[in-house]
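Participant: Sequence first, then the predicted structure:
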Amino acid sequence: MQDFLENISRYPRYLIALVLGVFWNFLEPLVPLLRRPVTGIALVGGFISTMVFLSLTLRAMLGTAG
């Protein structure tokens with residue numbers, strides 16, 4: 001039983017490592033682009049507009065628009 005509980009306790013660490021690895025591999029190619037002001041502004045603007053689009057879409061789908 002001790003081995004089972006020890007094995008189960010590893011899953012949260014695995015999940016955190018997996019999520020961080022995915023984010024790292026997604027953001028790593030974008031870091032050189034952020035060093036130039038024009039592409040940095042474009043990337044930040046694209047990220048913000050994507051978040052606003054997702055927020056408005058989810059509000060409309062869930063019927064929580066005010």
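Facilitator: Right, received. Where do you want to start? This one's a predicted model, so the numbers in the text were calculated from it and none came from an experiment. Residues are numbered from 1 along each chain as shown.
Participant: Can you pull out the low-pLDDT segments for this protein?
Facilitator: Flagging of the chain using pLDDT under 70 yields the residue ranges 65-66.
Participant: what's the domain layout of it?
Facilitator: Taking automatic domain parsing as the criterion, the chain consists of the domains 1-35, 37-66.
Participant: Adding mean neighbour count, write those domains out as TSV.
Facilitator: No exception for glycine: its C-beta is placed from N, CA and C like everyone else's. What follows is the domains of the chain, written out as TSV (neighbours: other CB atoms under 10 Å):
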stretch	mean neighbour count
domain 1-35	9
domain 37-66	10
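Participant: Quickly find the element holding the residue nearest to the spatial centre of the chain.
Facilitator: The centroid of the chain falls nearest to residue 23 when counting by CA atoms, centre = their mean (6.0 Å). Using DSSP states H and E, residue 23 sits within helix 11-27.
Participant: Kindly list the main-chain dihedrals of residue 9?
Facilitator: Backbone torsions of residue 9, given as degrees, to the nearest 10, read phi -70, psi -10.
Participant: Equivalent analysis for residue 10, please.
Facilitator: According to degrees, to the nearest 10, residue 10 has phi -80, psi -20.
Participant: now residue 35
Facilitator: Torsion angles, degrees, to the nearest 10, at residue 35: phi -70, psi -20.
Participant: try residue 36
Facilitator: Residue 36 adopts backbone torsions of phi -90, psi 130, taken as degrees, to the nearest 10.
Participant: count of residues packed around it?
Facilitator: 11 (other CB atoms under 10 Å).
Participant: From residue 22, how far out is it?
Facilitator: Distance of residue 36 to residue 22, given as CB to CB, to the nearest Å: 25 Å.
Participant: And for residue 16?
Facilitator: From residue 16 across to residue 22, the span is 11 Å (CB to CB).
Participant: shared neighbours, those two?
Facilitator: Common neighbours of residue 16 and residue 22, using CB atoms under 8 Å, 6 or more residues apart in numbering, do not exist here.
Participant: What is the distance between the longest helix that the chain contains and the centre of its chain?
Facilitator: The single longest helix within the chain, with elements called by DSSP state H, is helix 37-62. Counting by CA atoms, centre = their mean, to the nearest Å, helix 37-62 is centred 13 Å from the centre of its parent chain.
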